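Engineer: Here is my input; please provide its structure:
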Amino acid sequence: MSPDRSVMRRRVLLVAAVSATCVLVPVSTATAAAPASVHTRPEHHTVDSAELTQGLYQSAYSARNNSLWVTSAVGFPPVTQSQLLKVDPRNLKVTAAFEPPVTDAATGAREAVYGVAVDDEHNTVWTTNTVDNSLAVYSQRTGRHLTTVPGVKHPRDVFVDARRNLVWTSGLEDGSIVAFDTRTHQEKKRITVPGAAPAGLAVDTHTGTVLAADLANSRLIVIRPGAGTPTFVTVGQGAIDVALSPDGTTAYTANQGAGSVSVVDLRAGVVRKEIPTGAGSLAVATDDRTGHVFVANRGSGTTTVVDPCKGTVIVDLPTGANTNHVALHRGTAYVVDKAAAGAAALDSIHRIRTTG
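Structural biologist: Got it, this is the predicted structure:
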């Protein structure tokens, strides 16, 4: 695919932020009632969109290189079409595309990439090779495949804790949460939770606490350093992803079954609010500047911006059919969809910037 294939489209939406009294009491997670709200200040949300390629999954921003790394994989095993894309966040154009290595010459199957995280300290990109039960490490400078790290069953997400030189991944199939050394790529720690299906991950890089959304049991798994066993918090139905507040005291889970985001008080171990966002909430990320939470809703094809303290939806933005993932950096959200729109059936990336 040529980098010139990407044509950016822009939408500017003027919306009114909504607010309500912040009620810090536990709520039932059985249903997600619509929050009461009133109109307050207006906000502008600029959404720029560009088609990239087929089969987009996740993206991660590199501050060191001012680049977005985006994964794509098409179809079911044997997956023969997969790319790791380097995208310019200023114009949303592909500047380079790298194909994972072939693992089966007979079928042409590749080590397809799905989850992604950047390690700016070592100038690398980590991917989850979900169907191959492994992770991979790529050079950010050249895009070269450096190594394959085996031993995780159905790895979904990957998260780099640069402070501790660890990269964490979730083994959806066997309930494992595994850490590798970012320098040597050797396994450092493995926690297995029987009956769990850990999906999305977040790490408090100040304390080293690891959080995982347990899709099988609609709960949050909390792994604190030095603790003998994990603790659990029941959240919304079908919890599949998790993000942290800027101060690390609150977690937010995207609940695919409920179409909501849960606001979890980590100190008390309870859900304070559950806020409806849209059908099939699949991914969640936090704006460190404002504390607002962005939720990608696959079923409704939107990205919802939430004020978690007030328990209200600020705006619901269209971001393509089958909105799949959201990543944030300094107030700018990057959302990928699996809409397969346009004459060439390409998926798109959407950049959301907020003013006001």
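Engineer: Need the contact partners of stretch 280-289.
Structural biologist: Applying Cβ atoms under 8 Å, 6 or more residues apart in numbering, the contact partners of stretch 280-289 are 200, 240-246, 252-256, 258-261, 292-300, 323-328, 330-331, 333, 354. Heads up, the C-betas are built off the backbone N, CA and C, glycines and all.
Engineer: Could you give me the PyMOL selection string for whichever of those residues are buried?
Structural biologist: This is the PyMOL syntax for the buried subset of those, where burial follows 16 or more other Cβ atoms under 10 Å:
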select buried, resi 200+240+241+242+243+244+245+252+253+254+255+256+258+259+260+261+292+293+294+295+296+297+298+300+323+324+325+326+327+328+333+354
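Engineer: Narrow the contacts of stretch 280-289 to those in helices?
Structural biologist: Using DSSP state H, the subset of the contacts of stretch 280-289 located in helices is empty.
Engineer: Excluding chain neighbours, give the residue nearest to Leu84 in space.
Structural biologist: Sequence neighbours aside, Phe98 is the residue nearest to Leu84 in space, at 4.7 Å (criterion: Cβ to Cβ, 6 or more residues apart in numbering).
Engineer: what's near enough to touch the one you found?
Structural biologist: Contact analysis of Phe98 by Cβ under 8 Å, 6+ apart lists 83-86, 138, 143-145.
Engineer: and if you look at Asp157?
Structural biologist: Asp157 touches 115, 128, 169-170, 199-201, 241, counting by Cβ under 8 Å, 6+ apart.
Engineer: Next, format these as a markdown table and append distance to Asp347 and pLDDT.
Structural biologist: Putting those into a markdown table (distance: Cβ to Cβ, whole Å; pLDDT from 0 to 100) gives the following:
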| residue | distance to Asp347 | pLDDT |
| --- | --- | --- |
| Gly115 | 16 | 98 |
| Thr128 | 18 | 98 |
| Thr169 | 24 | 98 |
| Ser170 | 23 | 98 |
| Ala199 | 21 | 98 |
| Gly200 | 20 | 98 |
| Leu201 | 23 | 98 |
| Asp241 | 19 | 98 |
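Engineer: Tell me the buried residues within the residues you listed.
Structural biologist: If we count by 16+ other Cβ under 10 Å, these have these buried: 115, 128, 169-170, 199-201, 241.
Engineer: Show me which of these is closest to Thr182.
Structural biologist: Nearest to Thr182 among those, counting by Cβ to Cβ, is Thr169 at 12.0 Å.
Engineer: SS state for the closest one?
Structural biologist: Classification of Thr169 by DSSP: H, G, I helix; E, B strand; the rest coil places it in strand.
Engineer: Please produce JSON lines containing the buried ones among the contacts of Asp157, extended by distance to Glu121.
Structural biologist: Shown next, in JSON lines, are those (distance: Cβ to Cβ, whole Å):
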{"residue": "Gly115", "distance to Glu121": "19"}
{"residue": "Thr128", "distance to Glu121": "20"}
{"residue": "Thr169", "distance to Glu121": "18"}
{"residue": "Ser170", "distance to Glu121": "22"}
{"residue": "Ala199", "distance to Glu121": "26"}
{"residue": "Gly200", "distance to Glu121": "23"}
{"residue": "Leu201", "distance to Glu121": "19"}
{"residue": "Asp241", "distance to Glu121": "25"}
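Engineer: for those residues, which one is nearest Asn217?
Structural biologist: Sorting the buried ones among the contacts of Asp157 by distance to Asn217 puts Ala199 at the head of the list, at 11.2 Å, by Cβ to Cβ.
Engineer: just to revisit the earlier point, now flag whichever of the buried ones among the contacts of Asp157 is closest to Gly151.
Structural biologist: Once Cβ to Cβ is applied, the member of these that ends up nearest Gly151 is Thr169, at 9.9 Å.
Engineer: Check whether that closest one really touches Thr128, as I assumed.
Structural biologist: Yes: here Thr169 reaches Thr128: they are 6.1 Å apart, a contact under Cβ atoms under 8 Å.
Engineer: Quick one, which of the contacts of Phe98 are buried?
Structural biologist: 83-86, 138, 143, 145.
Engineer: Alright, calling it a day.
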